[in-house]
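[1] Quick one: sequence and predicted model below, then my questions.
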Amino acid sequence: MAEFRRTTLYDLHLARGAKMVPFAGWEMPVQYPMGVLNEHLHTRSHAGLFDVSHMGQVILRGPGAAEALEGLVPADITGLAEGRQRYGLFTNAEGGILDDLMIANKGDHLLLVVNAACAEQDIAHLRQLEAQGILVEPVTDRGLLALQGPEAEAVLARLVPGAQAMKFMDVAEFDWQGVTLWVSRSGYTGEDGFEISVPEDRVVAFAEALLAEPEVAPIGLGARDSLRLEAGMPLYGHDMDARTLPGEAGLGWSIPKVRRTGGAREGGFPGADVILDELAAGPARSRMGLRPEGRAPIREGVGIFDAAEGGAGLGKVCSGGFGPSVGGPVAMAVLPAGLAPGATLWAELRGKRIPVTITPLPFHKPSYKR
């Protein structure tokens, strides 16, 4: 039997009645007694606490760390101001996406947060920067929490005065009972919120302090997935992988003009020729939103066709489920770019085809503090 890793909050999850499941090599809570639907709605209306300690945290140090990282990531990292963070992609020689990540400028170093399933691969990928004198330091002594929802600011400000002054994509450090918290203001739910990196020996105490606040409930992976799906956010390994180009994944926005053809720092990252050609010409296929008719969700792998019978296969659902805030099923699929919002396509569900409507993303409008 495979051995799964456990976060420091494992016993807290069990004490609160969590159902644990394997995820990316870890045992993680998929839901609590409240249930996925109510956890989702609680996060949208109050504040939800997520254990995201399984994700990888990595520090890059050394003169020229930002310039060196631009050799692996098609983002503007040298132009990233201190105290700010940015979304980016690791790409391969074919232009595919190896992982997506967050990159924070903390002054004398960069802090990266990568996906749990890709963390070992990403750290090995980053090691090539050591030849340029860059120190690659995986963070192994801190847990990571995400506090998400419209009441997250009020809750965190009670424990950490000053957090309320942060804007979307800010990063800062705060003291809490003598330990240093690394805080960013962003999230994966479409709601305002924060990610908080806490020293390992205090992460349980800090999580319990947050959960003692009346607005906060613990939230599992099930609601995390439905929240990000409603927010139109792609998940690595589902909506993108090493064969998906950034434009296909709907992530061309993460590659700024300065790194594109004609930009001051054009290219210089793996797969640049393929990616920049795709962005210049426009992607042939692109990630789109779908709203199925009726109440039945269409999930990953369901085929999408251009006719109720026969016709051509256009692609497959890459993420799908029920959207509690939307009040119906929602899905995303990579489809031919010429298809227009409002067009009707057909999903083949258990041998029958049901109509689906192309719908602009996101399904639920984000509410970040700009």
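    That came through, no problem.
[2] pretty sure residue 157 is in a helix, no?
    Yes - secondary structure assignment (DSSP: H, G, I helix; E, B strand; the rest coil) places residue 157 inside a helix.
[3] For it, the count of nearby residues, please.
    Neighbouring residues of residue 157 were enumerated by other C-beta atoms under 10 Å; the total is 14. C-beta coordinates here come from the backbone N, C-alpha and C atoms, glycine included.
[4] Could you check how far it is from residue 338?
    According to C-beta to C-beta, to the nearest Å, residue 157 and residue 338 sit 47 Å apart.
[5] now do residue 221
    Applying C-beta to C-beta, the value for residue 221 to residue 338 is 35 Å.
[6] again, but for residue 187
    Computed with C-beta to C-beta, the distance linking residue 187 and residue 338 is 33 Å.
[7] try residue 352
    Computed as C-beta to C-beta, the residue 352 to residue 338 distance reads 27 Å.
[8] repeat for residue 19
    From residue 19 across to residue 338, the span is 43 Å (C-beta to C-beta).
[9] So for those two, which sits in the more crowded spot?
    Using other C-beta under 10 Å as the criterion, residue 19 and residue 338 rank with residue 19 on top: 15 against 10.
[10] Quick check: pLDDT value at that one.
    Model confidence at residue 19, expressed as pLDDT, equals 98.
[11] That one against residue 30, yeah?
    Yes - between residue 19 and residue 30 there is a contact at 5.4 Å, judged by C-beta atoms under 8 Å.
[12] got any residues that touch both of those two?
    Counting by C-beta atoms under 8 Å, 6 or more residues apart in numbering, the contacts common to residue 19 and residue 30 are residue 220.
[13] Quick one: distance of the longest strand seen in the chain to the chain centre.
    In the chain, taking DSSP state E as the definition, the longest strand is strand 313-323. In this view, strand 313-323 has its centroid 18 Å away from the chain centroid, taken as C-alpha atoms, centre = their mean, to the nearest Å.
[14] what helices or strands is it leaning on?
    Here strand 313-323 is seen to pack against helix 221-230, strand 285-292, strand 303-305, strand 328-336 when contacts are counted using 3 or more C-beta pairs under 8 Å, 6 or more residues apart in numbering; DSSP states H and E.
[15] right, so of the ones you listed, which gets closest to residue 6?
    Set against residue 6 and scored by C-beta to C-beta, the helices and strands packed on strand 313-323 come closest in helix 221-230, at 14.5 Å.
[16] elements contacting the closest one?
    Helices and strands touching helix 221-230, as assessed by 3+ C-beta pairs under 8 Å, 6+ apart, comprise strand 26-31, helix 36-45, strand 313-323, strand 328-336.
[17] Can you pull out the residues in contact with stretch 335-344?
    The list of residues contacting stretch 335-344 from outside it, by C-beta under 8 Å, 6+ apart, reads 282-286, 288, 304, 314-315, 345, 355-360.
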